[in-house]
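> A structural model of the following input is requested.
(chains A and B)
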Amino acid sequence: MNQLYVWIALLVWIAIATGVAYLAKRGLGEGVTEYFIGGRKLGGFISGMTYSATTYSAFMLVGLVGLTYNSGVGALGFEMTYLIFTVLLLMVFAPRFWLAGRKYDILTPSELLSKRYENRWAGAVSSLVFLVMLVPYAAVQLMGIGFLVEGLTGGDIPYMAGVLVMAGFAGFSAIWAGMRSVSWTDAFQAITMLTTSLFALFYLFFQFFGSPGNFFRTITVENPDLLKLTWDPKLFIGLALPWAFFAITNPQVSQRMFVPDKISSLKRMIIYFSVFGFVYTIISTLFGFQAANLLPGLENPDKAMPVLLTKVPVPLGLLIFIGIFAAATSTLGSITLTLSSVVSRDLVKNLVPELEEGTELRSGKVVIPLLIGAFVLFAWIQPGLIAVLSSMASGGLLVTAPALIGAFFWKRGSGAGAVTSMTVGGIATGVMYVTNIKPLGWWPSVWGFLVTLLLFIVVSLLTNSPDKSDEFVDYVNEELEELSS
Amino acid sequence: MSAWLFFTVFGLLALIDFFVPFYLLADLASFFGSFLFWCLLALTVILAGSIYIKNTWGRGR
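Prediction:
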C-alpha cells in the first residue's frame, strides 16, 4: 500500500481524536482526582467504552490473529477464558473497588493496598510491580503498530516510524487532559475498533469465501486441524491463568472501577464491556482463521493481519489499520496515565506524605514522557513474540492478586503478608520468565501465583493484621448490602 | 456475592472452561466443538452476570 495513504489516514484520525480530546478537556476541573480518574464522574457509556478500549489492544487484531493463524481454536479459548473470568471478577470486585474508592479517597489499586493494609510499602511494592511488568506490555502495543505499518507499506514506512507516531499521540493525549481526554478518546477509539473490524470481517467473508456460511464450511474442510484443540494444556493454563485475573491485577483496567459517577453507571460499564469483549474476541479469531486459509505459510504469525490487509481494497485496508491503531493507542494512553498516577500517588506522595497536591500532580505529568521513552526503547529492542510478551506481563502482575482479593475477603490478611508475597513472588516470577525456567513443565505464572498465594497466607497468619481491617471490610460489605436492599 | 460463593463459582467455571474442551471436544474438527463451547460458556456467564448485577447490588439506587 502506498505510504502516502497511510500517512493521510493517520493524520485525519489523529485530528478527529484530538478534537474529541479537546472537547473532553473543556470540562476538566482541578486536582489529582479530576486529572487521574475524571473526578469519579464518568457516565456508564464512557466508562464502558474506556474499559473496553483499554482492555482490548493491538494484541487482539495482531497478536490474537497471529495466535489463531498459528494454533487455531485454542487462541479463542484463551481469550474467552479471559472474558469469562473478567466478567465474574467485575461482578464481585467492581462495586467493592468503587465503594472503597469513594470512602477512602483512593486513586489507584496500589493506594487501595496501602490503605487497606495500613502499610505504605504494600502500595510502593505493588507500584514497582506495575511499573516493571507494564513496560513490556505497553511496548507490545507499539510493536504491534510498528509491524503493522511496516507490513502494510512493504517497508516504506519503517517500523520505528509507526512506533514513534503512536507513542507521541498516546503521550500527548494522556498529558493534555488526563483521564477525561483519555476516556473520551477511548470511547471514540472503541467505536472505531468495533465498526471497522466488523465491516472488514464481512467484506472478507463475501469477497473471498462467498458468504459467512461458506467461510465456516471452507475452514472445516480445508483447515480442520485449526478446529481441533492442539494446545498443550500446560501452555493453555500458563497463558490463561494470568489473564483470568487481569481485571484486578492490571492497574490500567482496575483503576477504571473507580471512575463511574454512580452505581448504575458501574453496572452499565460492565454490561457494555461484556458485549464489546464477546463480539470483538470472535471477530479477532475469525480474522485468524481467514488469514490461515488465504495466506498459508507465513513465517511470522504476527504478520498475518498486516499481510491480510494487503489483500483488501485500499480504503478498507486503511479503515482496519486505523481500527488497530486506535486499539493500540487507547491501551497505551491508559497505561501511561495509570502508571503516572501510580508513580505520583504511590511512590512520590506515599513516601513524602506532606507533598502538596499541585506538586503531586506535576510529578505525575513529568513521569509521562519518561514512561513513553521507556516504552519506545523496549519496542526498539523487540524482545519477543507479541502473545508471549503480553502474557509474561500479566504473569508478573498476577503476584498482586492474592493481596487484592484478600483486601476484601480476608480480614486476617496483613501488610507484611502483602509486601512479602508481592516482593518474593514478583522476583521469583521475573527470574523464571527471564531464564525461561519451567519446573515440571509448568509456566512461571503458575509457580509465581502459588508462591505468592502461599506466602500471603503464611506471613499473614504469622503477623498482626491491620488495626482497622475489620472496619474496611465491614464497611464495604454493609454498603453492598444496603445497595442490594 | 459472599467469598464462599465467589470461590465456588470461580473454581467450577475454571474446571468447566478447561476440562470440557481439552478432554471431551479436543479432537472434534468442527466449529461445533471447542469453538462453539467457549462462545456459549462466555455468553452464559455474560447473561447470568447481567441478570445478577441487575437484581443485586444497586437495586436500591
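> rest of the way, CA atoms for contacts and neighbours
Noted.
> A:Asp156: what secondary structure?
Here A:Asp156 is recorded as coil under DSSP: H, G, I helix; E, B strand; the rest coil.
> same thing with A:Gly426?
Judged by three-state DSSP, the three-state class of A:Gly426 is helix.
> got a list of what A:Thr218 touches?
Contacts for A:Thr218 (C-alpha atoms under 8 Å, 6 or more residues apart in numbering or on different chains) come out as A:Phe209.
> in a helix, it, correct?
Yes: A:Thr218: assigned to a helix according to three-state DSSP.
> distance of it relative to A:Phe287?
14 Å (C-alpha to C-alpha, to the nearest Å).
> and if you look at A:Arg40?
Taking C-alpha to C-alpha as the measure, A:Arg40 falls 37 Å from A:Phe287.
> ok, now B:Ser2?
Separation of B:Ser2 from A:Phe287 (C-alpha to C-alpha): 40 Å.
> so these two - more neighbours on which side?
Shown here are B:Ser2 and A:Phe287; by other C-alpha atoms under 10 Å in any protein chain shown, A:Phe287 has more neighbours (26 against 10).
> ok, and does the helix-or-strand element of chain B with minimal mean pLDDT reach over to chain A?
Of all regular secondary-structure elements in chain B, judged by mean pLDDT, DSSP states H and E, the least confident is helix B:3-19 with a mean of 92. Yes: in this structure, helix B:3-19 sits against chain A according to C-alpha under 8 Å from any C-alpha of the partner chain; the contacting residues are B:Ala3, B:Phe6, B:Phe10, B:Asp17.
> ranking by neighbours, what's the top pick from those?
B:Asp17 (21 neighbours).
> so A:Ser197 is in contact with A:Thr281, correct?
No: at 10.9 Å, A:Ser197 and A:Thr281 do not qualify as touching, with contact defined as C-alpha atoms under 8 Å.
> re the thing from before, so which bits of the least confident helix or strand of chain B are buried?
When burial is assessed from 16 or more other C-alpha atoms under 10 Å in any protein chain shown, helix B:3-19 yields the following buried residues: B:Phe10, B:Leu13, B:Ala14, B:Asp17, B:Phe18.
> what do you get for stretch A:462-473?
Within stretch A:462-473, the residues that qualify as buried are A:Ser465, A:Pro466, A:Ser469, A:Phe472, A:Val473, counting by 16+ other C-alpha under 10 Å.
> in CSV, list those residues along with secondary structure and pLDDT.
What follows is the buried residues of stretch A:462-473, written out as CSV (DSSP: H, G, I helix; E, B strand; the rest coil; pLDDT from 0 to 100):
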residue, secondary structure, pLDDT
A:Ser465, coil, 88
A:Pro466, coil, 89
A:Ser469, helix, 81
A:Phe472, helix, 93
A:Val473, helix, 92
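> which of these come close to chain B?
On the criterion C-alpha under 8 Å from any C-alpha, none of the entries of the buried residues of stretch A:462-473 sits beside chain B.
> which one of those is nearest to A:Leu337?
For A:Leu337, the closest of the buried residues of stretch A:462-473 turns out to be A:Phe472, at 27.3 Å, with distances computed as C-alpha to C-alpha.
> can you list contacts of the longest helix anywhere in chain B?
Taking DSSP state H as the assignment, the helix of chain B that covers the most residues is helix B:34-55. When contacts are defined by C-alpha under 8 Å, 6+ apart, helix B:34-55 is touched by residues A:73, A:76-77, A:80-81, A:83-84, A:87-88, A:91, A:227-229, A:267, A:271, A:274-275, A:278, A:484, B:17, B:21, B:25-26, B:28.
> returning to what we had before: can I get the buried residues of helix B:3-19 in a markdown table including distance to A:Ala244?
Formatted as a markdown table, the entries for the buried residues of helix B:3-19 read as follows, by distance: C-alpha to C-alpha, whole Å:
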| residue | distance to A:Ala244 |
| --- | --- |
| B:Phe10 | 10 |
| B:Leu13 | 11 |
| B:Ala14 | 9 |
| B:Asp17 | 11 |
| B:Phe18 | 12 |
